[in-house]
Structures are given as C-alpha cells and as structure tokens.
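Visitor: Give me the fold of what follows.
(one chain, ligands or ions: 1)
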Amino acid sequence: MNKNLRTPCIAGNWKMNKTPAEAAVLVDELKAAITAPECNVVICVPFTDLPVALEKCAGTPIKVGAQNCHFETSGAFTGEISPVMLKEMGVEYVVLGHSERRTYFGETDVTVNKRTLAALKAGLKPIVCVGEYLEQREQGITAELVAMQTKIALQGVTEQDLKNVIIAYEPVWAIGTGKTATAEQANEVCAVIRATVAQLYGKAAADGMTIQYGGSMNAKNAAELLAQPDVDGGLIGGASLKAADFSVIVDAAK
Ligand code: PEP
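Guide: Numbering: from 1, shown residues only. Down below sits the predicted model:
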C-alpha cells in the first residue's frame, strides 16, 4: 500500500502559547508521555521557547520546529528570524504559510514559496500549510484552490528537496473552531494535493510525500482521520498543548 511508503508525522503547533518556563513543564510532560513513537513527532514552538525545547528534546524522539521564518538570510528586516539562524540553533522543522499568518500578517502564496525555498536552502524541513476558507468550500473551489496553493508553494523546489517538504492540509474553517473536516473531506483534499505533486514531480515522488491534515484534530477524532489512505499525520494546534491528548494522537499514527 502506498501509505506504507511514508512515515507519518504528528506535529504540534503551539501558536503564541507558553513562556519558556511553561514550555519546560510541557516538554517534560511530553517526554514522559511519548517514549517510543512509531511516527515522526515534532513540536513547533514560539521562537522564545526554542532554546529550552531544543535542550530538553535532545536525545529524545521529539523534534523541534519553529512556526515561521523569513526568506532572507540576514539584513534589515527588524523583528524577523532567518532560516539560517534557526538551523544553527538545531531547529529541524518550520511551519510556513499557516492560515493565521496568511490572515493576520499578509502572508501570500508567493511569500510562502520564497520562505519554502529559503528554508530548504538552509537545511530546514518546511511544513507548508494550504487550505480553503468556508466560503471557498461553499463555492466548490476547494480542489482548485488547494492545488494552486500547492503549485505556487513548490515553485522552484527540486525533486531532491521535495523529500524534506511536508504539506499540511488545513481547512481554515476547521482551525481552532472545534469543527473538524470529516475523514472523507480530509482524505479527498489530501488526495488532491498528492495528485498535484504527482503532476509536478511524478507518481513516485507523490507516493513518498507526507501530507498532514490539520484542523481541530484531537484525541477523539485522530484515529479515524489518520486511518485515511492519503492522510499521513496531523498538524495539531489546541490539542498539542496537553501532553495527554497529544500523546494519544501520536499513538493513533502507528
Ligand atoms: C493549527 O494551528 O494548525 C491547528 C490545526 O489548530 P487546531 O488544532 O487548534 O485547530
């Protein structure tokens, strides 16, 4: 089965939550709860929590990611963090194009593409978010929209670099709302993303690509979502802030 060609990835997106002292407590709880995962496990933490997360996760199966990075290496970009800075710290993953960044911080498909290329160049593994607003779903344009977001995000990414890219399908109407896409809806759009990757890079590359679902995934609904043939993991917001819930989701990704 093609699903067996891929390693699932469960990534927590802490958003703007947890001071470094609070992060230390949560990471300790996660380390105790997640000892031998059968999938990749990542926590994407605020920049200020990266040092404590990196220190505490060293030598454990939990990998550390950031939630954004700039597309330049250095320069006059006050308040920004470059991918090279993250890489030097030991950060492995970076979430790019999250809908909250698109909605509140002017992120566009073009800047997501620039950040993706820069992150890959620096040796980071981008988790690139795509997904439709509710009105777009109701207009029946979800597939076209998500295919377009995927194509633009991957513009200029080589087949070799693609191996380090994860795409997260996150319907905007499901993020932080408690409204989860049905397993069928999630699988349908993840399959569209995979077909789009196949168009660009061929079937083998698409079959090997990890495509996550994100949007109110929790300890109760994770198993059904993760069992879908084209869903290879999850990007988890709210439920990633509770070690007990996050570890149930990790266990569901076997
Ligand atoms: C997210 O932040 O990417 C997310 C999916 O959030 P939540 O799980 O809270 O919906």
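
Visitor: ok, longest helix in this protein?
Guide: Using DSSP state H to assign secondary structure, the helix with the most residues in the chain is helix 183-201.

Visitor: chain center to that one: distance?
Guide: 16 Å (C-alpha atoms, centre = their mean, to the nearest Å).

Visitor: Tell me which residues are up against it.
Guide: 130-131, 142-143, 146-147, 150-151, 154, 159, 162, 167, 169, 171, 181, 205-207, 209, 211, 213, 215, 224-225, 227-232 (C-beta atoms under 8 Å, 6 or more residues apart in numbering). C-beta: built from backbone N, CA, C; applies to glycine.

Visitor: repeat for stretch 94-113
Guide: So stretch 94-113 is contacted by 11, 13, 15, 44, 65-69, 71, 83, 86, 115-116, 119, 124-131, 148-149, 152-156, 168, 170, 172, 175, 235 (C-beta under 8 Å, 6+ apart).

Visitor: Now, those that are in helices?
Guide: 83, 86, 115, 116, 119, 148, 149, 152, 153.

Visitor: from what I can see the last one touches residue 130, true?
Guide: Read it as residue 153. Yes - Residue 153 is within contact range of residue 130, at 6.9 Å (criterion: C-beta atoms under 8 Å).

Visitor: what do those two both touch?
Guide: With C-beta under 8 Å, 6+ apart as the test, residue 153 and residue 130 both reach 97, 167.

Visitor: Of those two, which one has the most company?
Guide: Neighbour totals were compared for residue 153 and residue 130, and residue 130 leads with 27 against 24 (other C-beta atoms under 10 Å).

Visitor: in the sheet, who's paired with the more buried one?
Guide: residue 169 (DSSP bridges).

Visitor: and it, what does it touch?
Guide: 97, 146, 149, 150, 153, 167, 168, 169, 170, 193.

Visitor: now do residue 42
Guide: Contacts of residue 42 by C-beta under 8 Å, 6+ apart are 9, 10, 11, 12, 62, 63, 64, 65, 92, 93, 127.

Visitor: Torsion angles phi and psi at residue 62?
Guide: phi -90, psi 120 (degrees, to the nearest 10).

Visitor: Quickly list what it is bridged to.
Guide: Under the criterion used here (DSSP bridges), residue 62 is bridged to residue 41.

Visitor: Verify the stated contact: it with residue 34.
Guide: Yes - with contacts counted by C-beta under 8 Å, residue 62 reaches residue 34, the gap being 6.2 Å.

Visitor: and the closest residue to the ligand within the stretch 101-250 of the chain, what does it touch?
Guide: Closest residue of the stretch 101-250 of the chain to the ligand, C-beta to the nearest ligand atom: residue 237 (2.1 Å). Contacts for residue 237 (C-beta under 8 Å, 6+ apart) come out as 12, 13, 15, 175, 176, 214, 216.

Visitor: ok so, going back, now the contacts of helix 183-201: which count as buried?
Guide: Buried by 16 or more other C-beta atoms under 10 Å: 130-131, 142-143, 146-147, 150, 154, 162, 167, 169, 171, 181, 205-207, 209, 211, 213, 215, 225, 228, 230-232, out of those.
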